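In: Predicted coordinates and the sequence they were generated for:
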Amino acid sequence: MTTLSSISRFLSSSFRLNNHKLSISHFSTASSAETVYNHLQKNGGNIEKTLASMRLNLDSKCVSQVLHRCYPTQSQMGLRFFIWAGVHSGYRHSYFMFSKACELYRIRQNPSVIFDVLEAYIVEGCSVNMKMFKVVFNMCKEAKLADEALRVLRKMPEFGLRGDNVVYNVVIRLFCDKGDLDMAESLVKEMSMVELYPDLITYMVMIKGFCNAGRLDDACGLFKFMKENGCLPNVVVYSALLDGFCRFGDMERALKLLEEMEKEGGDCSPNVVTYTSVIQYLCDKGRSVEALLVLDRMEARGCLPTRVTVSSLITGFVKEDQVEQAYKLVDRVVESGSVTKTDCYSSLVVSLERVRKPEEAEKVFRTMLDSGVKPNSLVSTIMLKKRCLEGRMVDAYCLFDELEKMECLSSIDSDTYSILLVGLCQQRHLVEAAKLARVMLSKGIKLKAPYVDIIAEVLMKSGDEELLEQLTRNGR
């Protein structure tokens, strides 16, 4: 009875917490956002002049609230406020705020609202500056609107303005991302006609665009051209070209370019991201031994590998059935101190499981536990769920208890707990189920509805009417 009541209290708590969460309601007070909205409503006319007459201390919360207040009936007013706020002294929109505004106003689906705003500026004779246009271009960038960004660029002269390098780079990037490299190239040529010159960002965007399209020769040609014209590439530009070679399988050119970067040094020196990218692609191509040589070069230049670097090599060796090499690599990086035992051995367990070497994976996992090396959350979850799926619920619970004592379960998701609890109930291991329920209750981990239903079905069949009655009563 004690065991059943423990489970009952846990299930009841799950329902109470869920119901409490649903009962929470949002409330609003007289805020600066409401003041702005009411002022705009009352005064009408030139929105920008109305806003300028107000002394506002803007923050992202206020901007967000005004946007929501204006949508959907007064979208133009909301966007004009957003553009004005983006150049307001002491405040700048974050990337998140641009994303939020574009999503709320459905800019990608309804880009015409941008041009409605521009037309309203013209009709009302509003003073529009370059900073305001850059807010508009950033909206186009966030919404991935290449054609519309070009239209905005073409409208700038109507306001006595013209695009600068920043503006052209935004539009060029959008067309590169769209895959329209012909238009992107024409815009680069157009820059010289308006007394602008491609800069490092222009070249980087174009080189990346060519690489994404598989036009590696064009990317190399532009790379050579930029150097001949005095625009020296940095590690970002080199890495963009290097990534293109790797993604399209031209590893020989990639390795040659990596060597060039190492010789150039300075701003062109390959960093950990560069080396890791080459190592990943070599491993993906089944060339893990060569990837290990790249690691040697990397370390020789004082660039320490990261968890991702080592994980790529471990995965590569395991896939190529060179598990012994994986063990040697783990010993090497652990001894150097660049990557922890937890990360190395956890990666090895995951790789072994993925290539269906369960016995070897279990061996490494057990060695970790016996030597006090904490497995990470992914490994802990994989090994727990594996036991559950095999119907080894007591083994799974014993492992859970062991991992709990090692404090390895901080990031385990609620599904793993729930699957284990359901399995214990189904196999009638109610003592262990009650202990698990208490742990979940102490951590505030709640069962989801589908799992509650499964437990209810099990209890109904087993005749535990008292617990079932309480469960169904609290579930209403």
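Out: Yep, it's here.
In: alpha carbons only for contacts and neighbour counts from here, please
Out: OK.
In: Tell me the predicted confidence for the closest residue to Asn234 other than its chain neighbours.
Out: Distance criterion CA to CA, 6 or more residues apart in numbering; nearest residue to Asn234, sequence neighbours excluded, is Cys268 at 4.8 Å. Looking at Cys268, its pLDDT reads 93.
In: Same check on the one 4 residues further on?
Out: Residue-level confidence at Val272 comes out at 94, pLDDT.
In: Equivalent analysis for Leu40, please.
Out: Confidence for Leu40, expressed as pLDDT, is 84.
In: Now the element after the helix or strand harbouring it, going C-ward?
Out: In the assignment (DSSP states H and E), Leu40 maps to helix 32-43. Moving toward the C-terminus from helix 32-43, the next helix or strand (DSSP H and E) is helix 47-52.
In: least trustworthy helix or strand in the chain by mean pLDDT?
Out: The weakest-scoring helix or strand in the chain, judged by mean pLDDT, DSSP states H and E, is helix 465-475 (a mean of 46).
In: neighbouring contacts of the helix or strand harbouring Glu190?
Out: Glu190 belongs to helix 181-193 when elements are defined using DSSP H and E. Outside of helix 181-193, the residues within contact range by CA atoms under 8 Å, 6 or more residues apart in numbering are 168, 171-173, 175-176, 197-198, 202, 206, 209-210.
In: chain center to that helix: distance?
Out: Distance, stretch centre to chain centre, for helix 181-193: 32 Å (CA atoms, centre = their mean, to the nearest Å).
In: which of the residues in the next helix or strand after that helix are buried?
Out: For helix 181-193, the succeeding helix or strand toward the C-terminus, using DSSP H and E, is helix 200-212. Of all the residues in helix 200-212, those buried under the rule 16 or more other CA atoms under 10 Å are 201-212.
In: could you dump the one helix or strand Lys100 maps to to PDB, C-alpha only?
Out: Here Lys100 is covered by helix 95-104, with elements defined by DSSP H and E. This file holds the C-alpha atoms of helix 95-104, laid out as PDB (Å, rounded to 0.1, in the frame of the first residue of the first chain):
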ATOM      1  CA  TYR A  95      19.000  40.000 -34.100                       C
ATOM      2  CA  PHE A  96      16.200  38.400 -32.000                       C
ATOM      3  CA  MET A  97      14.100  41.500 -32.200                       C
ATOM      4  CA  PHE A  98      14.400  41.600 -36.000                       C
ATOM      5  CA  SER A  99      13.400  38.000 -36.100                       C
ATOM      6  CA  LYS A 100      10.400  38.600 -33.800                       C
ATOM      7  CA  ALA A 101       9.200  41.600 -35.900                       C
ATOM      8  CA  CYS A 102       9.500  39.700 -39.200                       C
ATOM      9  CA  GLU A 103       7.700  36.700 -37.700                       C
ATOM     10  CA  LEU A 104       4.900  38.700 -36.100                       C
END
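In: quick one: Lys42 and Leu378, what's the gap?
Out: Separation of Lys42 from Leu378 (CA to CA, to the nearest Å): 56 Å.
In: cool, and Leu409?
Out: Distance from Leu409 to Leu378, by CA to CA: 10 Å.
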